[in-house]
Every structure is written in C-alpha cells, then in structure tokens.
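>>> Predicted model follows, preceded by the sequence.
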Amino acid sequence: MPGLLDFGFNNIELWRSEEMQLVQLMIPAESAHDTVGALGDVGLLQFKDLNADKSAFQRTYANQVKRCDEMARKIRFFHDQVEKAGMTVGIRAITDKGYEMDELEGKLEELETEMLEVNGNSERLARSYNELVELQLVLEKAGSFFDQARIDAQSESFERTYSVPETMDAPLLESALPSATANTGRLGFVAGLIPQEKLNGFERLLFRATRGNMFLRQTPVGSVKDPATGEQVEKHVFVVFYAGERARTKVLKICEAFNANRYPFPEDPARQRQMHGEVTARLRELHTTIEAGERHREAVLQNIAFNLDQWATQVRREKAIYHTLNKLSMDTSRKVLVAEAWCPLAAKPRVHEALRQAAMASSTQLSTVLQPLMTKDPPPTYFKTDLFTNCFQAIVDAYGIARYREVNPAVYTIVTFPFLFAVMFGDFGHGLLMFMFALYLLANEKKFLKQQLDEIFGMAFGGRYCIVLMAVFSIFTGLIYNEFFSMPMTLFGKSRARCFINNVLDDSIRDMRLCPERGGTIKLIGPYPFGVDPVWHGTKSELPFLNSMKMKMSILLGVVHMNLGIMMSLYNNLYFRDRLSTICEFIPQV
C-alpha cells in the first residue's frame, strides 16, 4: 500500500517536518555567553526551560536582563528624540561586535544624561524667550493704551482751560474745583496676555466679581507661543484697571484661574521705553543662545541616529542571550551550565562548528560537550523554508501547525491558494496589474531586503512570490471568463453564435440581442475555442449562466479540495502505521 501511493513526495524537502533530536549541552560558565550567542546565530536550536519552577527574579542572569531592559528604554527615548527632530535612523550592517555590554551601557548613560540636560536647557531657554516675547507685546500694546489716554487727557484739559464759564458764579480758579480723587482710592492695574477663547468668560467674571468697578482694555496680538505648553495660541493683551486692595485680590485670582500670564508694567513712560529696550536686547541674546543650543542638539542627535539601529540590534541580541541563559541550569560547582535543546539532525554539523568557533573566541580551555538524550516528549515541528516557500508556510501556520512529521499542507497550498484566489478574482486586466506589481517587488528584492519596511508594504513584500502566482492564475482564469477589466475580449475569435431567420443564416445581424426582435433564432455553429463565448456579455441571461457555471465549478473544486485533505490523512496514517484511523476514519470519509 505505501509503495502504491508513493508518488515521490518524500523527495520533497517540505513534505514533512525535519527530524529532531533532543541534545544536552555542558557549557563552561566562562564561555556560556559566547556559546549561546554563536548558537543563536545558527538559529536552529530550541532550548527547553530547565528553571520553570523559578520566577523571573530568581534566575541567575536576572540582573543582566534588567540592565538590557534599561538600555532598551534609553534606546526608545533616543528613537523618540530622533523622530521629533525629523531625522531618520541610519540602517547599516553590523561589521563588528561593537561595544561590550558594559561599554555600551556607559555610553548610553552618558548620552541620556547629555540629552536630558540639553532638552532641559532648551525648554528653559524657550520658555524664557516666549515669556520675553509676551512681555514685549504687553509693553507695546499696553503702552499704546496709556499713550492714547494721555493724549485724550491733555486735549480734555486744554478744552476745560480755555472754555468760557456757563454761569456767572462758576469758580475761576482750578483750586476751587471739587477734588476728583477726594472720595476715591488710588487706581491700580494688571497687564498680561490671555487666550482668545477665554477672553469673553474672563471679562464677564471680572465684571461680576468687582460689581462693575473695573475697566478692561484689550487688543488682539495674533498667534503667540505659549510659554507653558510651547504651542501656538491666539492671544489678546489686556489691561484691567481697578480701585482698592480687595478688587486687586479678586482680579489676581481670576487671572490665575483663567491661566492668564501677568507681566510687570511700569507707569512711567521713560521706564517703559527703558524696559522695552532691555527686553529687546535680551531677546537677541536668547535667540543666539537658542540657535547655538539647537546646533549642539542636532549634532548629538545625528551621532545617535547614525548608531541607533546598531545599538538596538546589539541590545536585543544581549537580552536574547541572557534570556536563553536563564533557561539553563547551573551545576553545584557553578562552573558548568547544563542545557537541553531540540536540534534538527541535518543541522548538527553546523551546531558543532558554531561550538568550536565559540570556544576559540572565548579562549577557554574547556569546550562545550554535546550529547544526545533519549526522551518520550513529542518533538517540535520545524519546516525548512526558503524565500519562495516561506509565505505559503506562514499562511498554513496561521490556521494551525502540523504535528511532528505530519504531511505539510503548504506543499499543496503553493498551488491551491493562488488558484482559488484566481477563481474569485479572475480578470485578465487585473491579473496583469498584479503581475507588474509583483515583478517590481522581485526586481528590487535585494534592495528591499536591506531596508526596514513599514507594516503594510512589508506584508506585501513578504508575499511577493504568492502575488506572482496569484497574478498568473488570475490571467489564466480571466481568459477562461473572457474578461478584461470586466469587458469581453475576442482574443480567440468572434462569437460562435449566429442568427437564423426562417432557418436561413442572416450575417447582417451582429448584435445577437436584435435577433429575437426580428423573429430569428440564435444558434451556435460550434464551440468557442477557449473560455466563455463573448456573446453572453450584456444579455439578460448573462448572470444566470455565469453564476451557474461558477457555482458548479466551485462545487467541483471544493470536492477536489476535500478529497485532497482526506488523502493527506491517509498519508499520515500510513506513515505513523495507524491502521485503526485508516479503517475507522479514512474509509468512511471516502
């Protein structure tokens, strides 16, 4: 029976999973790091956790894992800073081992301290600069309020001085006039800036709190950077005049509640001009200082961005090494680490070579001992794939991973998945577009493999070979459906349908839809060479005919697909010599 069903599938490398063997490694403690790193480069060992009863904090290399996590946090901080600066992270191949772990940890600590200091200085300088800009606006706009008030007061005083008294008993001397300030306290004022959207509520609350005993002047100044947030905000300069200490306390509390920035404003015009000049000079100095700080920060970030990818790769590698070392058990002398791992039989020569090179690199006198172990535990499933078969294996693994040495459905999926897609997506024009896109991915394969692609394009690039087959099968089924962007084609000649009127062929009628209107009958003079006859397109019976054809074809393909799965179960039963499943499952299913 096995010989009868032997179609050469066993010669296909992907037909069954690789044969696995459980091995034990006795690794000297001084060379454990280099050994595990070398085995990680091979990438064909699955280590068993021999410390499953211990928590993560009780393991031997827990402190090293914490250090790697801390370095990873710093690298994420650098990555955010580089992205905020609008720079790109340099991606380059790692030509050497780079820094040692202690050196890299010190380097990252130094750079983080420098970056935090630079960011802190930049934030303080920017805040001071934005505050001075607002103070300058207050001095300009509020100063214009007071200048206009002085002009109005002078004109009013001039009119009063040279006006003729209306009555004969009016006093002629100014000293005889009643004092305007005899019954009022000294007026005070508060100047500052407030966001535009808070201005109306600010004015209403001031009016209610002081019962109308205040006077508010305001003017817009446009978009200004807020010192607290650094964002551009539409603001207004305001000056609130009040009388009395109680009113002053209320005004200050209201300003604080509305996050209004208050600034000192002198009453003396000479002092105002002097203060404006000092603020302008200070702004120039701060602008120069900020530019120098930005150049220094940009230089630091450029150095970080150039090495960031290499550092991140090295930290991930170190963390993976120590995470694997935590799975190893330590002997009583604490000089040897014992590991158990599953290894493909075909990869044992590569593992021996990696162990030899690791022993030479660590300059240890003792080499790692590798010996097989007997076990009844089920081995893991490992399929050796390449660039072409990797995407199809990933599709199968998404639904479930086959048991050890079972038949791999990915062998059939290479054909069935693209073909079933083409059955649903059959169109000659759409298939050509997909084929050109797939050719573009294949032509630039080496370039894209070296780049760090985003999630969507990376997924499309990973399935480039699947897209090629889907495009080819879509072109084929498009020819069968005789569709080019949903339009009929005549690649294999014109329609075989003819119009017969009174059993006489009428060649003058080209559109078969006119034949019944003229009392004729449509007859086929022979089968169409390939695919669907174009005469069906545009007719009333197009959908019923095509849907019926595709439904029947789908049923046939579905039955073939199910039978293929049943035959695969037979191959598994024969390989594992499970006669009971063959008799009780396979035969009834057939």
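Perfect, I can see it now.
>>> so how many other residues sit close to residue 356?
13 (other CB atoms under 10 Å). Where C-beta positions appear, they are placed from N, C-alpha and C, glycine not excepted.
>>> Can you spell out which helices and strands pack onto the helix or strand hosting it?
Per DSSP states H and E: residue 356 is located in helix 348-362. For helix 348-362, the elements it packs on are strand 20-28, helix 32-42, strand 369-372, judged by 3 or more CB pairs under 8 Å, 6 or more residues apart in numbering; DSSP states H and E.
>>> In CSV, list those along with mean neighbour count and distance to residue 346.
Listed next are these as CSV, based on neighbours: other CB atoms under 10 Å; distance: least, CB to CB, whole Å:
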stretch, mean neighbour count, distance to residue 346
strand 20-28, 19, 10
helix 32-42, 20, 12
strand 369-372, 12, 15
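>>> and residue 542, which of the ones you listed is closest to it?
strand 20-28 (55.9 Å; CB to CB).
>>> The closest one pairs with which strands, and in what direction?
strand 336-344 (antiparallel), strand 369-372 (antiparallel) (DSSP bridges).
>>> report the longest helix in this protein, please.
The residue-count maximum for a helix in the chain (DSSP state H) belongs to helix 101-161.
>>> rewinding a little: can you list the strands paired with strand 20-28 in a markdown table and add mean pLDDT?
Below are these laid out as a markdown table (pLDDT from 0 to 100):
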| stretch | mean pLDDT |
| --- | --- |
| strand 336-344 | 92 |
| strand 369-372 | 90 |
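>>> In a markdown table, list the ones you listed along with distance to residue 246.
Putting those into a markdown table (distance: least, CB to CB, whole Å) gives the following:
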| stretch | distance to residue 246 |
| --- | --- |
| strand 336-344 | 79 |
| strand 369-372 | 89 |
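>>> re earlier: so which other helices or strands are in contact with the helix or strand just after the longest helix of the chain?
Using DSSP H and E, the helix or strand that follows helix 101-161 in sequence is strand 187-195. Taking 3+ CB pairs under 8 Å, 6+ apart as contact, the helices and strands that strand 187-195 lies on are helix 101-161, strand 214-225, strand 232-243, helix 245-257, strand 261-263.
>>> and with 7 Å instead?
On a contact count with 3 or more CB pairs under 7 Å, 6 or more residues apart in numbering; DSSP states H and E, strand 187-195 meets helix 101-161, strand 232-243, helix 245-257, strand 261-263.
>>> if you average pLDDT over each of these, which comes out lowest?
In terms of average pLDDT, helix 101-161 trails the rest of those, at a mean of 82.
>>> Check the offset of that one from the chain's centre.
The chain centroid and the centroid of helix 101-161 are separated by 37 Å, computed with CA atoms, centre = their mean, to the nearest Å.
>>> Over to stretch 67-84?
Distance of stretch 67-84 from the chain centroid (CA atoms, centre = their mean) equals 16 Å.
>>> Give the buried residues for it.
Residues of stretch 67-84 classed as buried by neighbour count (16 or more other CB atoms under 10 Å): 67, 68, 71, 72, 74, 75, 78, 79, 81, 82.
>>> quick one: average confidence on that stretch?
Mean predicted confidence for stretch 67-84 is 93.
>>> Neighbours of residue 367, how many?
17.
>>> Surely it is in contact with residue 359?
Yes - counting by CB atoms under 7 Å, residue 367 touches residue 359, with 4.4 Å between them.
>>> Low-confidence stretches in this protein?
Within the chain, the stretches with pLDDT under 70 are 1-12, 90-98, 148-186, 493, 496-498, 500, 502-526, 535, 537-539.
>>> returning to that earlier point: as JSON lines, the helices and strands packed on helix 348-362 with distance to residue 423 would be great.
Shown next, in JSON lines, are the helices and strands packed on helix 348-362 (distance: least, CB to CB, whole Å):
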{"stretch": "strand 20-28", "distance to residue 423": "38"}
{"stretch": "helix 32-42", "distance to residue 423": "42"}
{"stretch": "strand 369-372", "distance to residue 423": "48"}
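>>> Relative to residue 311, which of the ones you listed is closest?
helix 32-42 (16.6 Å).
>>> so that closest one versus strand 336-344, what angle?
10 degrees (axes from the mean of the first three to the mean of the last three CA atoms, to 10 degrees).
>>> How far away from the center of its chain is helix 32-42?
For helix 32-42 - counting by CA atoms, centre = their mean - the centre lies 31 Å from the chain centre.
>>> Give me the angle between it and helix 101-161.
Going by the same axes, to 10 degrees, helix 32-42 makes 80 degrees with helix 101-161.
>>> ok, and residue 18, which helix or strand is that part of?
Residue 18 belongs to no helix or strand when elements are defined using DSSP H and E.
>>> Find the residue closest to it in space, skipping its chain neighbours.
residue 344 (4.3 Å; CB to CB, 6 or more residues apart in numbering).
>>> give me every residue that touches the one you found.
Residues near residue 344 by CB atoms under 7 Å, 6 or more residues apart in numbering: 18, 19, 20, 44, 382.
>>> Pick out the most distant pair among those residues.
So, the contacts of residue 344 by CB to CB: farthest apart are 19 and 44, at 12.5 Å.
>>> Counting neighbours around each, name which of the two comes out higher.
The residue with more neighbours, out of residue 19 and residue 44, is residue 44; 20 against 12, by other CB under 10 Å.
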